[in-house]
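Colleague: A predicted structure for the sequence below; I have some questions about it.
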Amino acid sequence: MNSFFKVDDVITAASKKAMEVSSASFARIDEVRAYNQEKVLAAFVKNSVNESHFTESTGYGYGDRGRDVLDQVLADCVGSEDSLIRHSLTCGTHTLGVALFGLLRPGDIMLCVTGTPYDTIHGVIGITGSGMGSLKDYGVTYKQVDLLPDGTVDYEGIEKALNEKIAMVYIQRSRGYSLRPSLGVADIEKIAKTVREKSDAVIMVDNCYGEFVEKTEPVSHGADIIAGSLIKNPGGGIAKCGGYIAGRADLVEKCSYRMTVPGLGREVGPSLGQSRGMFMGLFNAPHIVGEALKTAVFAASLFEELGFEATPKSNEARVDIIQALKLCNSDTLVAFCQGMQKGAPIDSNVCPEPWDMPGYDSKVIMSAGAFTGGSSIELSSDAPLREPYAVWMQGSMNFDSGKIGVMLAAQEIYKRGLIK
Ligand SMILES: *Cc1c(COP(=O)(O)O)cnc(C)c1O
C-alpha cells in the first residue's frame, strides 16, 4: 500500500504473503476469465450487436430490437436455447418468483434438493407468510431434501423423494448465508442425472453468484432453466437493475407469460434506455467476476495468514463469488465490516452498526459502498452476530480497490487488538 491509506506493518507483511499464496489461484481465475470473455465476445459477434440496439423504446415497447437481440446474446453466453433479460425484473427474488410461477401449476409439487432455500424465496414458496399469493396459496406443494450433515447433497435422499407428482426439482447453486459448500456445475450435473433416472420434472437452478465463475453454466449440465440477478455477476456492475431467466425455449416462453401477462408475454416491455447498460454489463461480466474472485481469494489468504478460518479456503477451486470468514466473535465481525466500509468508494464516511434486520433472529451488520443500490458484485459484506460468527463477503468490480477494502477490514481488527 502507498501513502493514501495507512495500515500497520503486520497487515502489510501478511498481505504480501497473501498475494504470493494467491498466485496459483489467480492464474486459474485468469484462465477461466479469458475463456468466458472469448465466449461472450463471440456471442456479440454472432448476433451482430450494433449501436441501433441501444435505442430506447417506450410505451408497449413493441418490436424493440435491442431487447430481443440481448435475449439471444445472453442465451448464447450461457449455452441455452432462449432467455429473457429485463430491467423490469426488479431483483433476484422477483426473477426466481416469475420463473416458479411461470412453470408450476396447482397440484404440482416443487422439490428443493439443496435444503432450505435462500431466505427471500420462503415468501414466494409460502414457507413463511400467508395471504400474499404465494405458490402455496395457489395449491403448489413444497417439499425439500435436506443436505447431509457435512453440507453436501443427499443423492440417496433425492432418489427416495422422487415420484411422478414432482413437477420441479429446484437447486440453489450458491451457499447463501450458510457455511455449506456451494455447488459447481459438476455437482449440478450429478443431481440432474440422478433426477433423470426417475423423473422428467423440470430442473431449475437458482444461479445467483455463479455466473461466469466456471467455463459453462448449469444449462450445459442438465438444468432446464436458470435464473439470476443483474446486480450480481451477469450485470457486470453496469446494469442498473434487472434479472434474467434462461433455458429451454418452451419453458422460457411459459415464464414470459408470468413476466408480463398470458397472451402478451415477451412482446411487451419497453427498454426505457436500459439496453446499453445491460449489453455493456454482460459484455464485461467475465472480467468483473474475475476481479471479484481475486478479491475473495486474497481475503481468504490474508485472513488465513492472520489465523482465521476461511471457507472456501484460499487455494480451493471456486464455483461462486462468495467468501465466508469465521471471525470467532461479535467484536471482530463489527470491526471487519466497519473497516471494510472505510475502503468503499461510496459512503466511506458512514459507520455501519449492527441492527435488528427483519427475518433474522439476531442482529446483523453489513458494509456496502456501491454505485448501484444493493449491488453485491461491488464489494460488500454481511454478518449476523451469532454462531459461527462468520462474515460473508462478495464482490469488488476492481481487484486493486477490493484488496484495499479487505486490508482495511483486517487493519481495523488488528487496531482493536482482536488478532492473537
Ligand atoms: C441474491 C440471491 C437471491 C436473490 O436475492 P435478491 O436480493 O432478491 O436479488 C436468491 N438466491 C441466492 C442464492 C442469492 O444469492
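Modeller: The structure has been received and is ready for your questions.
Colleague: which residues does A42 contact?
Modeller: Counting by Cβ atoms under 8 Å, 6 or more residues apart in numbering, A42 makes contact with D76. For the C-beta atoms, the positions are set from N, CA and C on the backbone; glycine is no exception.
Colleague: ok but it is inside a strand, no?
Modeller: No: counting by DSSP: H, G, I helix; E, B strand; the rest coil, A42 is not part of a strand but helix.
Colleague: That one and the ligand, how far apart?
Modeller: 28 Å (Cβ to the nearest ligand atom, to the nearest Å).
Colleague: Give me the below-cutoff pLDDT ranges for the protein.
Modeller: Within the chain, the stretches with pLDDT under 70 are 359.
Colleague: Pretty sure A14 sits against L306.
Modeller: Yes: assessed by Cβ atoms under 8 Å, A14 is found in contact with L306 at 5.7 Å.
Colleague: who's more crowded, these two?
Modeller: With neighbours defined as other Cβ atoms under 10 Å, A14 and L306 compare such that A14 has more, 23 against 19.
Colleague: For the more buried one, give me its contacts.
Modeller: L302, E305, L306, A410.
Colleague: thinking again about what came up before, give me the common contacts of A14 and L306.
Modeller: Common neighbours of A14 and L306 (Cβ under 8 Å, 6+ apart) are A410.
Colleague: hmm, the strand or helix carrying A383 touching the ligand?
Modeller: Under the criterion of DSSP states H and E, A383 resides in strand 380-384. No: contact check for strand 380-384 against the ligand, using Cβ under 6 Å from any ligand atom: none in range, with a minimum separation of 10.7 Å.
Colleague: Please save the CA atoms from that strand in CSV.
Modeller: Extracted in CSV, the C-alpha atoms of strand 380-384 (Å, rounded to 0.1, in the frame of the first residue of the first chain):
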residue,chain,number,x,y,z
SER,A,380,-19.9,-5.8,0.3
SER,A,381,-20.1,-7.9,3.5
ASP,A,382,-22.9,-9.2,5.8
ALA,A,383,-22.5,-10.7,9.2
PRO,A,384,-25.3,-12.0,11.5
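Colleague: can I get the CA coordinates of the lengthiest strand in the chain in PDB?
Modeller: In the chain, with assignment by DSSP state E, the single longest strand is strand 166-172. The C-alpha trace of strand 166-172 is given here as PDB (Å, rounded to 0.1, in the frame of the first residue of the first chain):
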ATOM      1  CA  ILE A 166     -42.900 -33.800  -8.700                       C
ATOM      2  CA  ALA A 167     -43.100 -31.200 -11.400                       C
ATOM      3  CA  MET A 168     -39.900 -29.300 -10.500                       C
ATOM      4  CA  VAL A 169     -36.600 -30.100  -8.900                       C
ATOM      5  CA  TYR A 170     -35.100 -26.900  -7.500                       C
ATOM      6  CA  ILE A 171     -31.400 -26.400  -6.900                       C
ATOM      7  CA  GLN A 172     -29.700 -23.500  -5.200                       C
END
